[in-house]
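Undergrad: Dropping a prediction and its sequence here:
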Amino acid sequence: MDENLKSELRKQGIVATTLQELYNWGRKNSLWPLNFGLACCAIEMIAASMARYDMARFGAEVFRPSPRQADLMIVAGTVTKKMAPQVVRLYNQMAEPKYVISMGACAISGGPFKQGYNVLKGIDRYIPVDVYIPGCPPRPEALIDALMTLQKMIDRQPLTGPDRPRHLQADAPSEFIVPEFGAHDLDPSQNPEVWQAPLVNISLAGTDDAGND
Amino acid sequence: MTLETIESEIEANVPGCVLEIVSNPSPSGQHSLRIDPAHAVAIATFLRDAEPLRLDYCSNVTGVDWPGKEISEKVKIKKLVDGVEQEVEEVRKTQTLGHLEVVYHLYSMEKKHGPVILRMSTEDRADRVHLPSLTPVWRSAEFQEREIFDLYGVIFDGHPDLRRILMWDGFQDHPMRRDYVEPDDFEYEPTPHDEVLERARQHRTIMGVQ
Amino acid sequence: MSTATEAIRIIPKSPGANDEGQWLEVSMGPQHPSTHGVFRMDVVLDGERIVKLKPVFGYLHRNHEKIAENESYLGSMPYTDRLDYFCSLTNNWAYALAVEKLAGIQVPERAEYIRIITAELTRFQNHACLIGFLTQDMGASGTPLMYAFREREKILDLFESLTGARMMCNYMRFGGCRVDLPAGWIEQARAAVASFPRFLDEFEQLLASNEILMARTQGVGVLSKEFAVNAGVSGPVLRASGVNYDVRKADKYGIYDRFAFKIPLGEHGDTYDRYMVRLLEMRESLKILELALRDIPAGPIVDPKTKIRGFRPKPGEAYAHIEAPKGDLGFYLISDGSSNPYRYRVRPPSLVNLTVLEELCIGHNVADVVVILGSIDIVMGEVDR
Amino acid sequence: MTNSPYLPVIVLLLAAVAFAVGPLALAWVWAWKFSPRKPGPSKNAIYECGLESKGDAWVQFHPGYYLYAIIFLVFDVEAVFLLPFAVAFTGLTLGAGIAMLVFLLLLVEGLVWAWQKNVLIWS
């Protein structure tokens, strides 16, 4: 089914599509986000779902309070260490297929509150994140752009074959360990399954790019 | 109502209280009144109910940590040096005992006059950190005293519900103290420098990767 | 005959009676549509009635005060935007006021006017959003919120053209403001302010006399005057109980004494009064805005003598508080002469206002708790700091 | 059996059932073929705003709720019985009217008794 044959048929009013396109088209245009605002980014998320920026054009304006009915978790705001177990438990309780948008600098890496003792330095230490939106807070257009990026990702997901999405692979985990409250910090402090500390090339540290001190 | 008149009125009505005016060098001119913990509740009730003052609104309760400082002073002592009595200078380092301090800003909603600032401090920062709670007098101090207990470790006697308010219950130490050491958390920096570099190196050795 | 009726309407005896087992413990937890952010209430229910309610905080404790101790004075200014992230300009003003008191800095005339204009615009959009969220908590799913956010977007456009950012303005400096008004901003502001009374009439006509709203809010969560004062409640929640205390009039900061505006007070102190006080306060803000926008003078917007680099106030301490839209927001700074504050304390009006939440909710239904919490107007960034 | 009057009713019934069960069956076959089931302890845990839910919800509720529900159910079912009566109302004889009246009065008498026992007043 190459493209020009499809466009020909479409001229005659016949729509030809594959099962996978239909499946992905259905899923990408009804991403129901979980009602899950943490901090200032949540206000921009609400502003994005209001009349002016209108996330409803992308089918994402239905904010479901319960994780059972949501398939997109927008982590909008600072994830503190006291809130991290709840975030991971909510992610675990969401039904497959589920996606995570990490909205704002705080959710990506702790953002301006990185030096805080109670701030988790990024939610991708415990759960896999699909789309990151930098910004503090990112503008509503940035959130809509993230939604469009996620929709493109869903569109490209094949139904069968090795690079099937996570929820179609039987062995890909749909649950991740929920951190416990320790005496001084969360233990484990990050989930090695999901996050490896990026290695800093210390040999070059303290020198400029050309390698001289 | 200048602080001096308030102080004299308190001394008149609350027998045996120890008061001291702490002057504030900054141009804001907000001097404060240090009260002794023993009579704190009596003074507070007086300030709230006395007619000219009527400080019925405890707006702000703050915890401050004053760690012990090392003072080295030169001392002239007489010492026998090879049989001759001599005047010798010696530097003696004394470690002052730090203390935790709680500051109350009081306003009057009825008379609309400005902040009267009370200060109370504990004996030291280790185990004698008990202070009387003023929540029975002003209910607004309840959450803020719980926060000071949580972040500084001051134990308020007489507080109706002294629990940790901000950190989780299993948390052990008091993070807002000046000598709190954060748990080591790997910080990724593309171009690490000074202490982040040390930490990256240390992490490198821990993870055994060179 | 009467004994039979008593048998049917079994009302549990005093708490702690043998039907202790009938009580259901549930937590309206950190992720809950009605808690305006990550706020948790451990609720003990007898059927639908609230018996006990314990608020739990700390889920958004971002250690603002610890970070401020390792930051310079100016470095903490952008952090104040993230305290009460609905009203960043009033947070900035409160912090700038505290540092000006600490270091004795004067503020030129034009900067005072700009501060009042931006503060009143912030108050207006904060109260509009609150009414939108309050009616949404009551079940009007989204429609009033759409109206409120439409007005908020107009004000955010003004803030964006003035400060460069919609929500996180970081606009005030010690001794004035960061940048002067762009050309045409005052006309834009006047046009926006002129369009707001129509929005307020629309809101009042649609909502204030609506029977469902009156039935859900009148007589719900009554806060007595004495308890409000003793619990340190401040802002519209306090004035709804009839206590005439507004920091703009009591403390005379800025140049509020030049503008004639009234302080709306409620009589019963219930949720309906808290809603109406905010609606009337928005009208008063419009009056101030018209006056301020009309006679704003020309002139410098920052005191030229204040140093930006290496700002080291002399040792000492200062406490300054303003009438933020949520209540009495105060900053307490202790300086030890270095470029970082020794102690940086924020007096959060939302946290102290929540002291009364348990007394207001006991005896009401679960649905009323949602409305009472909405009427107290908390923002978690300020509650947990 | 070929053209018995009930044939259309049966055909419509089967079509309705097929219309309902069809997509469900399709979805079930799809899930069985493509997306595997991944139950887990944390996923099947009770959802309580992100926390572990302590205690259980099997609590004896206030009897008022039960009575309210029962009374609602009674009058809801009564409304269902009234439907055919309302449809054929114009063509009814006096006898049928009286029979329906007796049915109505019986239920109204029950409502009056419940009202008088002020079960409907919600404390």
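TA: Structure received. Note that the coordinates shown come from a computational prediction; the quantities given were computed from them, not determined experimentally. Numbers count the residues shown, from 1 in each chain, chains lettered A, B, ... in the order given.
Undergrad: Okay, now the unreliable bits of chain B?
TA: Residue ranges of chain B with pLDDT under 70: B:80-81, B:83-85, B:186-192, B:203-210.
Undergrad: Chain C contacts on that one?
TA: Neighbours of chain C within chain B, by C-beta under 8 Å from any C-beta of the partner chain: B:24-28, B:30, B:32, B:56-60, B:62, B:64-65, B:103, B:105, B:107, B:109, B:112, B:114-115, B:117, B:138-144, B:164-168, B:175-176. (Each C-beta comes from the backbone N, C-alpha and C, glycine too.)
Undergrad: Only the buried members of the residues you listed: can you turn that into a PyMOL selection?
TA: In PyMOL, a selection of the buried entries from the residues of chain B next to chain C looks like this (16 or more other C-beta atoms under 10 Å in any protein chain shown):
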select buried, chain B and resi 24+26+27+28+30+32+56+57+58+59+60+62+64+65+103+105+107+109+115+117+138+139+140+141+142+143+144+164+165+166+167+168+175+176
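Undergrad: The residues of chain B next to chain C also near chain A: which ones?
TA: Restricting the residues of chain B next to chain C to those touching chain A (C-beta under 8 Å from any C-beta) yields B:166, B:167, B:168, B:175.
Undergrad: okay, now the nearest residue to the third one once chain neighbours are set aside: neighbour count?
TA: Distances taken as C-beta to C-beta, 6 or more residues apart in numbering or on different chains place residue A:181 nearest to residue B:168, at 4.6 Å, with adjacent residues excluded. Other residues within reach of residue A:181, judged by other C-beta atoms under 10 Å in any protein chain shown, total 16.
Undergrad: For residue A:181, give the beta-bridge partners.
TA: residue A:186 (DSSP bridges).
Undergrad: And the residue in chain B that chain D sits nearest to, how far from residue A:114?
TA: Using C-beta to the nearest C-beta, the closest approach of chain B to chain D is made by residue B:168 at 12.0 Å. Between residue B:168 and residue A:114 the computed distance is 20 Å (C-beta to C-beta, to the nearest Å).
Undergrad: Could you do residue A:76 as well?
TA: If you go by C-beta to C-beta, the gap between residue A:76 and residue A:114 works out to 18 Å.
Undergrad: Could you give the backbone dihedrals for the residue in chain B positioned nearest to chain A?
TA: Closest residue of chain B to chain A, C-beta to the nearest C-beta: residue B:183 (3.9 Å). Backbone geometry at residue B:183, expressed as degrees, to the nearest 10, gives phi -60, psi 140.
Undergrad: same check, this time on residue A:69
TA: Taking degrees, to the nearest 10 as the convention, residue A:69 sits at phi -110, psi 0.
Undergrad: give the contact list for it.
TA: Neighbouring residues of residue A:69 by C-beta atoms under 8 Å, 6 or more residues apart in numbering or on different chains: A:32, A:95.
Undergrad: Disregarding residues adjacent in the polypeptide, which is nearest to residue 47?
TA: No chain in the question, so chain A it is. Nearest one to residue A:47, counting by C-beta to C-beta, 6+ apart, is residue A:140 at 5.2 Å.
Undergrad: look at chain C instead
TA: Here the residue nearest residue C:47, using C-beta to C-beta, 6+ apart, is residue D:62, at 3.9 Å.
Undergrad: Next up, phi/psi of that neighbour, please.
TA: phi -60, psi 130.
Undergrad: Give me the distance between residue C:350 and residue B:119.
TA: Relative to residue B:119, residue C:350 is positioned 26 Å away (C-beta to C-beta).
Undergrad: So between the two, which is more surrounded?
TA: residue C:350 (27 against 16).
Undergrad: ok, and the more buried one, which helix or strand is that part of?
TA: Using DSSP states H and E, residue C:350 sits in helix C:349-353.
Undergrad: With residue D:8 instead?
TA: helix D:7-33.
Undergrad: can you check residue C:189 too?
TA: helix C:185-203.
Undergrad: The residue nearest to the spatial centre of chain B in helix, strand or coil?
TA: For chain B, the residue nearest the mean C-alpha position is residue B:101 (2.2 Å; C-alpha atoms, centre = their mean). What DSSP: H, G, I helix; E, B strand; the rest coil gives for residue B:101 is strand.
Undergrad: how close does it get to residue B:37?
TA: Distance from residue B:101 to residue B:37, by C-beta to C-beta: 11 Å.
Undergrad: Could you name every residue contacting both of these two?
TA: Shared contacts of residue B:101 and residue B:37, counting by C-beta under 8 Å, 6+ apart, come down to B:120, B:122.
Undergrad: if we can go back for a sec, and the helix holding residue C:350, what does it pack against?
TA: Of the remaining helices and strands, those touching helix C:349-353 by 3 or more C-beta pairs under 8 Å, 6 or more residues apart in numbering or on different chains; DSSP states H and E are helix B:141-151, strand C:327-335, helix C:380-384.
Undergrad: between these, which gets nearest to residue C:276?
TA: For residue C:276, the closest of the helices and strands packed on helix C:349-353 is strand C:327-335, at 17.4 Å, according to C-beta to C-beta.
Undergrad: Return the distance of the following helix or strand past the closest one from the chain's centre.
TA: With elements assigned by DSSP H and E, the helix or strand that comes after strand C:327-335 is strand C:341-347. Its chain's C-alpha centre and that of strand C:341-347 lie 20 Å apart, by C-alpha atoms, centre = their mean, to the nearest Å.
Undergrad: Counting neighbours, which bits of the helix holding residue D:8 end up buried?
TA: Those buried within helix D:7-33 under the rule 16+ other C-beta under 10 Å: there are none.
Undergrad: ditto for stretch D:98-107
TA: Buried residues in stretch D:98-107 (16+ other C-beta under 10 Å): residue D:100.
Undergrad: what's next to that stretch, contact-wise?
TA: D:74, D:75, D:78, D:81, D:82, D:85, D:92.
Undergrad: Among those residues, name the buried ones.
TA: Counted by 16+ other C-beta under 10 Å, the contacts of stretch D:98-107 give residue D:78 as buried.
Undergrad: Tell me how chain D divides into domains.
TA: D:7-52, D:63-116 (automatic domain parsing).
Undergrad: Turn those into CSV, columns for mean pLDDT.
TA: Shown next, in CSV, are those (pLDDT from 0 to 100):
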stretch, mean pLDDT
domain D:7-52, 90
domain D:63-116, 89
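Undergrad: wait, residue D:110 sits on residue D:74?
TA: Yes: Residue D:110 lies in contact with residue D:74 (C-beta atoms under 8 Å); the separation is 6.9 Å.
Undergrad: Tell me the one of the contacts of stretch D:98-107 nearest chain C?
TA: Closest approach to chain C among these (C-beta to the nearest C-beta): residue D:74, at 16.0 Å.
Undergrad: Correct me if wrong, but the closest one is in a strand.
TA: No: counting by three-state DSSP, one finds residue D:74 to be helix, located in no strand.
Undergrad: can you tell me which residues contact it?
TA: Contacts of residue D:74 by C-beta under 8 Å, 6+ apart are D:107, D:110.
Undergrad: Can you give the distance of stretch A:118-128 from its chain's centre?
TA: 12 Å.
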